[in-house]
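Enquirer: What follows is a predicted protein model with its sequence.
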Amino acid sequence: MGLRRRRSVTRRMRVAVVGATGAVGRVTLALLRERGYSDVRAFASARSAGSTLYDLTVEEATPEVLGAGNLDLCLFSAGATASRQLVPAAVAGGALCVDKSSAFRLEHGVPLVVPEVNGDRAHENDGIVANPNCCSIPLTMVLAPLRDAAGLRRVRVATYQSVSGAGASAMDRLRGEPVEEHDLRMDWAFDGVEFDEEAKIRAETRKILELPDLPISATCVRVPVLVGHAEALWVETEHPLSMVEAREVLSEAVGIDDVLVGRIRADPTVENGLALFVACDNLRKGAALNAIQIAELALRERSAA
Ligand code: NAP
């Protein structure tokens with residue numbers, strides 16, 4: 001089957017956006033519309049059932065409705081608790097589920113996919129493909145080409161994460177008050193040593209890059225910005241890679257258009273050190289867009305079978 005035909009088959013899929021009223025869900029609906037998907041349903045909790053979004057009436061997401069067997073694809077951004085309850089039902093009903101919560105990301109046998117980095121893994125699913133954390137996606141998109149060019153010995157990253165990473169209600173709070181009065185609450189779980197966000201970045205990056213022992217330490221910070229996460233990155237490579245070579249490798253990397261990389265320079269304080277600065281729209285490539293790209297990869301394969 002030709003690529004164009006497979007693409008049109010994909011766009012005719014019956015799609016559910018679960019968590020449609022949220023920060024990621026709204027962007028997901030907009031992107032699906034832009035990409036020509038016509039059979040889309042919006043789901044959220046009972047709280048917003050009956051409201052209207054993009055001419056769609058929001059439905060309550062229940063295991064029964066999502067598992068009824070009339071959906072091809074479910075794009076979940078409803079949080080880990082809802083995903084644990086609803087994703088298995090949707091899979092049992094025959095839908096491919098791309099889940100943006102942390103519920104399944106590190107589960108053995110569930111692919112954790114950034115299409116440009118490990119897109120081949122998307123096909124190895126039993127109905128669930130996990131979408132990584134909004135910082136892990138741009139991070140691995142920058143690290144993968146460096147890994148391929150010179151090997152990775154160590155990674156350190158400091159994040160500057162926008163308020164939209166904490167969801168629609170945090171965005172509303174920031175919009176409704178002067179920036180200097182915004183309470184930058186660290187909304188990540190703290191185990192006494194690090195935030196779970198920092199542990200997630202380490203574990204997910206290792207899984208996506210297939211480098212289970214890669215030393216990687218992260219420091220995560222929330223900043224009073226509405227959308228867009230930034231990351232300062234220090235990398236030690238196995239083999240020397242000059243600033244010019246690193247720039248060339250990254251400029252040729254597939255998909256890097258969705259991630260901005262700059263300040264590429266040598267870090268003279270360590271052997272084979274590079275320092276870089278990375279920025280990405282956390283709601284698009286960091287969440288909604290990456291998930292749709294995963295689905296298009298996996299479903300094209302299904303429709304070609
Ligand atoms: P959000 O703005 O708070 O939206 C949460 C959405 O989930 C709302 O639509 C909410 O519906 C729905 N929901 C909550 N409980 C539900 C339930 N029991 N059943 C069905 N729907 C339910 O959050 P978000 O920022 O969009 O994030 C959603 C998920 O995506 C989280 O797992 C998050 O970790 C992940 N994610 C977020 C980002 C980001 O940058 N924001 C990036 C990557 C991944 P109601 O309107 O009914 O409450």
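Expert: Happy to help now that I have it. Residues are numbered from 1 along each chain as shown.
Enquirer: In contact with whatever residue of the stretch 1-150 of the chain ends up closest to the ligand, which residues?
Expert: Nearest residue of the stretch 1-150 of the chain to the ligand (Cβ to the nearest ligand atom) works out as residue 22 at 2.0 Å. Where C-beta positions appear, they are placed from N, C-alpha and C, glycine not excepted. Residue 22 sits next to 44, 77-78, 167-168 when contact means Cβ atoms under 8 Å, 6 or more residues apart in numbering.
Enquirer: now do residue 294
Expert: Residue 294 sits next to 98, 113, 115, 119, 122, 129, 131 when contact means Cβ under 8 Å, 6+ apart.
Enquirer: can you tell me which of the residues you listed are in helices?
Expert: Among the contacts of residue 294, the ones falling in helices (DSSP state H) are residue 115.
Enquirer: any idea whether residue 250 is helix, strand or coil?
Expert: Look at residue 250: counting by DSSP: H, G, I helix; E, B strand; the rest coil, its state is helix.
Enquirer: Kindly report the same for residue 154.
Expert: Here residue 154 is recorded as strand under three-state DSSP.
Enquirer: thinking again about what came up before, got TSV for the contacts of residue 294, with distance to the ligand, pLDDT and neighbour count too?
Expert: Converted to TSV, those look like this (distance: Cβ to the nearest ligand atom, whole Å; pLDDT from 0 to 100; neighbours: other Cβ atoms under 10 Å):
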residue	distance to the ligand	pLDDT	neighbour count
98	11	98	27
113	13	98	28
115	15	97	23
119	18	96	17
122	17	96	24
129	14	98	24
131	7	98	31
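Enquirer: which one of the contacts of residue 294 is nearest residue 174?
Expert: Closest approach to residue 174 among the contacts of residue 294 (Cβ to Cβ): residue 131, at 24.1 Å.
Enquirer: residues contacting that closest one?
Expert: Residues counted as contacts of residue 131 (Cβ under 8 Å, 6+ apart) are 98-100, 112-113, 137, 287, 290-291, 294.
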